[in-house]
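Participant: Okay, sequence plus prediction incoming.
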Amino acid sequence: MSHQLELLCRDEAALLVIDVQERINAVMASQGHVPRIAALVTAFGSLGRPVLVSEQYPKGLGATVAGLRDLLEPPGQVAGAESPSPSSIAPLVKDTFSCVRDAGILGALRELAPRQVVVTGIEAHVCVVSTVLDLLRASYEVHVPHDAVCSRRPADRDWALHRMSAAGAAITTTESVLFELVERCGTDDFRTVAGLVKTIPVEG
């Protein structure tokens, strides 16, 4: 399937955070994805753009990690682009590896109706890649910041990124996503994003 890759457009983008949960996150190869995802969640919220968060079997894998959970709105609250607070839907529970194959998450995504989806989370080679391939098949334009996804084994993450790229996803970076969303310097949104960039670790 051929996809026309473009710069991210603030008015057409949504963020999807996949399964960054306490017990599974604790065994990831690194933890550098967490502050990057936090920066993205904060930026999307500041810009009034929607954030979807999934949890895989939370009874066994735990809740979304505190550093991200604290940025989200109360359960069940959905905010639109007009909201000044994080436009998030509190974690949606799934048992499918692909978010797109869960009726609740797919329904929320269709209601929000973004053209572009920025996908982050864990594990890159299981739930992330499955979701990305299904999003592409459903004709969404998908952007994956390579530094905001992770797996227990680095090789699994690397091959998942290669597979997503080959399928038509744009493999990018957290900082690229942030600056594409604000488009120009000298604005309040730019200053917010510039501050968030400073929270991104140099490595990890």
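Facilitator: Good, I have the coordinates.
Participant: now the helix or strand where V51 lies: mean pLDDT?
Facilitator: Using DSSP states H and E, V51 sits in strand 50-56. Per-region confidence: strand 50-56 scores 95 on mean pLDDT.
Participant: Can I get the helix or strand just after it in CSV, CA atoms only?
Facilitator: Counting by DSSP H and E, the next helix or strand C-terminal to strand 50-56 is helix 58-61. C-alpha atoms of helix 58-61 as CSV (Å, rounded to 0.1, in the frame of the first residue of the first chain):
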residue,chain,number,x,y,z
PRO,A,58,-3.9,-4.2,33.4
LYS,A,59,-4.7,-6.8,36.0
GLY,A,60,-1.5,-8.6,35.0
LEU,A,61,0.6,-5.8,33.5
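Participant: helices or strands next to helix 58-61 in the packing?
Facilitator: helix 22-25 (3 or more CB pairs under 8 Å, 6 or more residues apart in numbering; DSSP states H and E). Quick note: C-beta positions are derived from backbone N, CA and C, even for glycine.
Participant: buried stuff in the helix or strand just after the helix it packs on?
Facilitator: Next helix or strand after helix 22-25 toward the C-terminus (DSSP H and E): helix 33-46. Neighbour-count burial for helix 33-46 flags 33-46 (criterion: 16 or more other CB atoms under 10 Å).
Participant: now the strands for this structure?
Facilitator: 13-18, 50-56, 87-94, 116-122, 141-145, 149-150, 170-172 (DSSP state E).
Participant: ok, the residue sitting furthest away from the middle of the chain to V193 distance?
Facilitator: For the chain, the residue at maximal distance from the C-alpha centroid (CA atoms, centre = their mean) is G186, at 26.1 Å. To V193, G186 is 12 Å away according to CB to CB, to the nearest Å.
Participant: Give me the common contacts of these two.
Facilitator: Applying CB atoms under 8 Å, 6 or more residues apart in numbering, one finds that no residue jointly contacts G186 and V193.
Participant: Which pair in the buried residues of helix 33-46 has the greatest spatial separation?
Facilitator: Within the buried residues of helix 33-46, H33 and S46 form the most distant pair, 20.0 Å apart (CB to CB).
Participant: quick revisit: between the buried residues of helix 33-46, which sits nearest T120?
Facilitator: Each of the buried residues of helix 33-46 was checked against T120 using CB to CB; the closest is I37, at 4.9 Å.
Participant: Quick check, pLDDT for the closest one.
Facilitator: pLDDT recorded at I37 is 96.
Participant: what sits against it?
Facilitator: I37 touches 17, 20, 68, 120-121, 148, counting by CB under 8 Å, 6+ apart.
Participant: pLDDT-wise, which helix or strand of the protein ranks last?
Facilitator: When each helix and strand of the chain is scored by mean pLDDT, DSSP states H and E, strand 87-94 comes last, with a mean of 77.
Participant: Quick check: which ranges of this protein have low pLDDT?
Facilitator: 1-4, 73-89, 204 (pLDDT under 70).
Participant: now with 50?
Facilitator: For the chain, the stretches with pLDDT under 50 are 1-2, 75-86.
Participant: For R110, the count of nearby residues, please.
Facilitator: Counted with other CB atoms under 10 Å, the neighbours of R110 add up to 10.
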